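In: Fold the following.
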Amino acid sequence: MVWCSSVWFRKYENFIDNLRLFTRGGSGGMGYPRLGGEGGKGGDVWVVAHKKMALKQLKDKYPQKWFVAGEGANSRVNALKGSRGKDCEIPVPVGISVTDENGKIIEELNKEKDRILVAEGGLGGKLLTNFLPLKGQKRVIHLDLKLIADIGLVGFPNAGKSSLLSQVSHAKPAIADYAFTTLKPELGKIVYNDFRQISVADLPGLIEGAHITKEWAANSSSI
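Out: Numbering: from 1, shown residues only. Here you go, the predicted model:
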């Protein structure tokens, strides 16, 4: 089997392997200047891995793709220390790469209950902030599902691997008449009439010195 990291948004029938989400930590609560009370901290936003979860389920359940944690409670006479805001948890499948808006990997969640903080809640109002609360962190994240291919197409350059993948699946790999057109693994999904699915990975040509030729091919194709 071959591990392939999902890069582009692709949807094959009911299958989704990439989502873009907006997250925001909760705002802190107001302080109480007269008695020196502190507002509660805003809740945090976490991404948590679950075995029985799919990105399609997440998208269907939260179509707005907007996740905001709870606000911290204000300080009061009978509760000078405001209570903390409720955390927000985003359930995702195991095998997720969490990246920021610039494509930088924040964390990978590879086991059940793995979790990562993606948006921190704001601090509650206190003496240092003139008893004014701080807003929670805003962050756009991308969820990329790492996939295991059922079949890997391996062979010499220009043997027709990409052409075969384009005919048997929904994938649209680059096809050209020069060597090493495929520079990264390309994943396609075959969907049968009985709804069974198998994934096929088109792998770059595997021969000695391929990394040198691939670099030349990439530069040539961009000219």
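In: name the element Gly28 belongs to?
Out: For Gly28, there is no host helix or strand (DSSP states H and E).
In: meant to ask about Ala201
Out: strand 197-202.
In: the helices in the chain, which residues?
Out: For the chain, applying DSSP state H gives helices covering 55-61, 161-168, 210-221.
In: Average pLDDT for the second one, rounded please.
Out: Meaning helix 161-168. For helix 161-168, mean pLDDT is 74.
In: do the same with stretch 69-85
Out: The model assigns stretch 69-85 a mean pLDDT of 96.
In: how about it as PDB, C-alpha atoms only?
Out: What follows is stretch 69-85, C-alpha atoms only, in PDB (Å, rounded to 0.1, in the frame of the first residue of the first chain):
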ATOM      1  CA  ALA A  69     -15.700  28.700  21.100                       C
ATOM      2  CA  GLY A  70     -17.700  30.000  24.100                       C
ATOM      3  CA  GLU A  71     -17.100  33.400  25.700                       C
ATOM      4  CA  GLY A  72     -15.700  33.700  29.200                       C
ATOM      5  CA  ALA A  73     -18.100  34.900  31.900                       C
ATOM      6  CA  ASN A  74     -18.000  38.500  33.200                       C
ATOM      7  CA  SER A  75     -16.700  39.100  36.800                       C
ATOM      8  CA  ARG A  76     -19.500  39.800  39.200                       C
ATOM      9  CA  VAL A  77     -19.900  40.700  42.900                       C
ATOM     10  CA  ASN A  78     -20.800  37.200  43.800                       C
ATOM     11  CA  ALA A  79     -18.300  35.600  41.400                       C
ATOM     12  CA  LEU A  80     -15.200  37.800  41.100                       C
ATOM     13  CA  LYS A  81     -13.400  35.200  39.000                       C
ATOM     14  CA  GLY A  82     -15.500  34.700  35.900                       C
ATOM     15  CA  SER A  83     -15.900  31.100  34.700                       C
ATOM     16  CA  ARG A  84     -14.100  29.900  31.600                       C
ATOM     17  CA  GLY A  85     -15.800  29.800  28.200                       C
END
